[in-house]
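In: Build me a structure from this.
(one chain, ligands or ions: 1)
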Amino acid sequence: MNIEKVRTGFAEHFNGAAGAVYTSPGRINLIGEHTDYNGGFVFPGAIDKGMVAEIKLNGTDKVRAVALDLNETAEFGLNENDLPAQGWAKYIFGVCREIIKRGGKISGFDTAFSGDVPLGAGMSSSAALESVYAFALNDLFSLGIDKFELAKTGQATEHNYVGVMCGIMDQFASIFGKEGSLMLLDCRSLEHKYFPFSPAGYKLVLLDSAVKHELADSAYNKRRQSCERVAATIRQTHPEVAFLRDATMEMLNEVKGEVSEEDYMRAEYVIEEVQRVMDVCAALEKGDYETVGDRMYKTHHGMSKLYEVSCEELDFLNGIAKKCGVTGSRVMGGGFGGCIINLVKEELYDNFVKEAFRAYKDRFGHEPKLYDVVISDGARRLY
Ligand code: GLA
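Out: Have a look, this model is predicted:
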């Protein structure tokens, strides 16, 4: 974490002042992708990489913000028409606005932030940014907003100020994370359960394809629209189906002639993925990592062939994992580039990483990036 960088940077930009320092992490997700906005289950964990932000009230009605990693500054007011131009500043502005909409009384502040969540890797750097500010403002202004509402503040920021119609998984993980535990979250009821996760003899390894495809945001929103269309069609004969999470393959097949082929494929993926999360939970309780891994491969296949959010580079890495005997491997996060997450036996780790680097470079001309992650705590104050 870039704590020193933030403390020094804040002092440099704001006349040697010191404020309160907060952090909020990125996340991994073992399984349950594109299920959150379908009311389904997800299985994320917060990681030891995140955003660090220092904040101090400045007695004005303006926010003065510094993005230390970009060496950029922004200044904006807190009214709806004060939307700043810089992409990163929109997140901070959005969080402020969403807090105000929830009745939170806030005023101007100075802030500097820096992060070590790789951008575009599917590890939710944007949720980490939203969550660190939602958590910090709630704490600094003693607003008493509960943790779920803080997560929703970040999600609403994406919807209303960034234009990504995301689900709740990333912000939930960033706020609720717990060291050493993954979290099973029911995205409809928001019930959740912590699962201690330290699979003896295995490692979780992330390989970043280091590609980020254009138009990922609009493609994401299109996937969500497909799911909502199918759920609405099924609902005509099964009123209990509020989300695709409530649908079965039988129900989907009843409306096969009424939905487009593409929408059918998207829904098939989601219905199967919701079940796979359940399978993984049951398997984890028995320490059955072979089943966990099998479902991860199936998720990858579904994300690639039915949901169509993978890409050549990720499919290639997934193929290498299979060839090297890796237990489970799949594209992680929204897709369209970013990482694959691998569950690999310790004794196979070195060979897998070596082989993946060699083969990927041969094929694409550059190496993937490797991240070892530690499952860590969620948003908190550091100083
Ligand atoms: C992104 C979104 C999440 C979730 C994942 C896919 O990370 O922000 O809400 O939908 O994609 O599982």
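In: Could you use CA atoms for every contact and neighbour count after this?
Out: Fine.
In: does Lys56 really touch Ala136, like I thought?
Out: No - between Lys56 and Ala136 there is no contact under C-alpha atoms under 8 Å: 10.3 Å.
In: How about residues contacting stretch 96-114?
Out: With C-alpha atoms under 8 Å, 6 or more residues apart in numbering as the test, stretch 96-114 has contacts from 2, 5-6, 9-10, 14, 51-69, 77-80, 134, 137, 141, 143, 153, 156-157.
In: Can you pull up the residues of the stretch 101-250 of the chain that come close to the ligand?
Out: 166-170 (C-alpha under 6 Å from any ligand atom).
In: Pull the number of nearby residues for the nearest residue to Gly293 once chain neighbours are set aside.
Out: By the measure of C-alpha to C-alpha, 6 or more residues apart in numbering, the closest residue to Gly293 outside its immediate chain neighbours is Gly328, 3.5 Å from it. By other C-alpha atoms under 10 Å, 27 other residues sit near Gly328.
In: which bits of the stretch 251-383 of the chain sit near the ligand?
Out: Close to the ligand, as judged by C-alpha under 6 Å from any ligand atom, the stretch 251-383 of the chain has residues 333-334.
In: In the stretch 251-383 of the chain, which residue sits nearest the ligand?
Out: Residue of the stretch 251-383 of the chain nearest the ligand, by C-alpha to the nearest ligand atom: Gly334 (3.3 Å).
In: Got the confidence number for that residue?
Out: Gly334 carries a pLDDT score of 94 in this model.
In: Could you count how many residues lie near it?
Out: With other C-alpha under 10 Å as criterion, Gly334 counts 23.
In: That one belongs to a helix?
Out: No - if the criterion is DSSP: H, G, I helix; E, B strand; the rest coil, then Gly334 is coil and not within a helix.
In: Spatially nearest residue to it (excluding sequence neighbours)?
Out: Of all residues not flanking Gly334 in the chain, Gly122 sits nearest, at 6.4 Å (C-alpha to C-alpha, 6+ apart).
In: start to end distance for stretch 18-34?
Out: Stretch 18-34 has an end-to-end distance of 41 Å (criterion: C-alpha to C-alpha, to the nearest Å).
In: If you could redo that for stretch 78-92, that was the one I meant.
Out: 10 Å.
In: Give the buried residues for it.
Out: 78, 83-84, 88-92 (16 or more other C-alpha atoms under 10 Å).
In: check whether it contacts the ligand.
Out: No - applying C-alpha under 6 Å from any ligand atom, one finds stretch 78-92 separated from the ligand by no less than 13.6 Å.
In: And the average pLDDT for that stretch is what?
Out: pLDDT averaged over stretch 78-92 gives 97.
In: Check stretch 129-142 too.
Out: In the prediction, stretch 129-142 has an average pLDDT of 98.
In: So which bits of that stretch are buried?
Out: Quick answer for stretch 129-142 (16+ other C-alpha under 10 Å): 129-139.
In: Likewise for stretch 180-192?
Out: Those buried within stretch 180-192 under the rule 16+ other C-alpha under 10 Å are 180-188.
In: same check, this time on stretch 295-307
Out: 295-304, 306-307.
In: that older thread, list the contacts of the residue of the stretch 251-383 of the chain closest to the ligand.
Out: Contacts of Gly334 (C-alpha under 8 Å, 6+ apart): 33-34, 122, 220, 309.
In: Looking at those, which gets the smallest pLDDT?
Out: Lowest pLDDT of those: Gly122, 90.
In: so that residue sits in a strand?
Out: No - assessed with three-state DSSP, Gly122 is coil; it does not lie in a strand.
In: what sits against Gly19?
Out: Per C-alpha under 8 Å, 6+ apart, neighbours of Gly19: 54-56.
In: Show me what the helix or strand containing Asp217 is packed up against.
Out: If you go by DSSP states H and E, Asp217 is part of helix 216-235. For helix 216-235, the contact count by 3 or more C-alpha pairs under 8 Å, 6 or more residues apart in numbering; DSSP states H and E identifies helix 249-254, helix 261-285 as packing neighbours.
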